[in-house]
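Trainee: How does the following fold in three dimensions:
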Amino acid sequence: MKHYMGLILGSLLSASAMADTPSYNFVQAGYVNADYADLQPFDLIGFEVQASAELTEALFTTGRFRMVDDTLSAYKLEETNWQIGIGYQMPYGKDTVFDVRVNYGDIAFDYTEPEGKFDDSASHYSVSSHARHMLTENMEVYAGLEWQFWKKGSDQKAYRLGSMYVKYSDSSAYTLFARYNF
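Mentor: Below you'll find the model as predicted:
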């Protein structure tokens with residue numbers, strides 16, 4: 001068993017040594033499962049598309065679009081969420097990069113029930129920071145923190161871990177992505 005653990009650890013370390021700094025030129029799409037603390041019965045499922053492009057060696061732009069929904073009997077909830085931003089990246093060694101971003105976004109809800117349809121939306125500005133690290137040529141880990149300043153409602157913080165979990169003040173989302181770097 002120790003022999004296998006040594007081989008696995010050695011292969012991870014050698015693959016990590018071959019990795020490059022994470023790219024900011026990519027498009028990714030994925031499956032999302034989201035829920036809101038105030039809307040517990042709904043289990044929102046849908047898709048999310050993200051893209052990023054380097055403008056210079058240090059500056060990049062980013063965008064995200066998400067659409068999720070759920071139906072419970074005669075009740076339906078739909079969320080449409082988008083965000084665009086510009087960021088500054090700071091490489092730290094060969095495999096790691098830190099970035100800061102300024103974003104603008106909007107979230108819209110459509111709620112349908114037998115008595116009618118209701119909708120609302122709210123826009124926000126945000127500042128975020130991320131750490132990204134390449135474990136291997138094809139495997140990246142990251143973590144981030146985002147502060148959102150809403151025009152309506154309460155300001156929020158978002159914690160991001162990997163490509164699979166985001167926790168906002170009043171909601172959370174699990175996402176599984178496929179990414180294409182260009």
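
Trainee: residues in contact with Asp70?
Mentor: Residues in contact with Asp70 (Cβ atoms under 8 Å, 6 or more residues apart in numbering) are Phe42, Asp43, Leu44, Ile45, Lys76, Leu77. Every C-beta, even on glycine, is put in place using the N, C-alpha and C of the backbone.

Trainee: any idea how far Glu137 is from it?
Mentor: Using Cβ to Cβ, to the nearest Å, we find Asp70 at a distance of 38 Å from Glu137.

Trainee: Narrow the contacts of Asp70 to those that are buried.
Mentor: The neighbour-count criterion (16 or more other Cβ atoms under 10 Å) marks Phe42, Leu44, Leu77 among those as buried.

Trainee: How about the first one, nearest residue that isn't a chain neighbour?
Mentor: The spatial neighbour of Phe42 that comes closest, neighbours along the chain excluded (Cβ to Cβ, 6 or more residues apart in numbering), is Asp70 at 4.5 Å.

Trainee: cool, and the last one?
Mentor: Closest residue to Leu77 apart from its sequence neighbours, by Cβ to Cβ, 6+ apart: Phe42 at 4.9 Å.

Trainee: Now do the phi/psi pair for the one you found.
Mentor: With angles defined as degrees, to the nearest 10, Phe42 sits at phi -90, psi 140.

Trainee: For it, give me its contacts.
Mentor: With Cβ under 8 Å, 6+ apart, Phe42 has these contacts: Asp35, Tyr36, Asp70, Leu72, Leu77.

Trainee: Now do the same contact list for the second one.
Mentor: This means Tyr36. Applying Cβ under 8 Å, 6+ apart, the residues near Tyr36 are Phe42, Leu44, Asp170, Ser171.

Trainee: Let me know the closest of those residues to Gln89.
Mentor: Nearest to Gln89 among the contacts of Tyr36, counting by Cβ to Cβ, is Ser171 at 27.8 Å.

Trainee: now that closest one: how far from Met90?
Mentor: Distance from Ser171 to Met90, by Cβ to Cβ: 30 Å.

Trainee: Could you check which of those two is surrounded by more residues?
Mentor: More neighbours surround Ser171 than the other of Ser171 and Met90, with 18 against 10 (other Cβ atoms under 10 Å).

Trainee: ok, the closest residue in space to the more buried one that isn't next to it in sequence to Thr136 distance?
Mentor: Spatially, and ignoring its direct neighbours in sequence, Ser171 is nearest to Tyr36 (4.4 Å; Cβ to Cβ, 6+ apart). Distance check for Tyr36 against Thr136: by Cβ to Cβ, it reads 35 Å.
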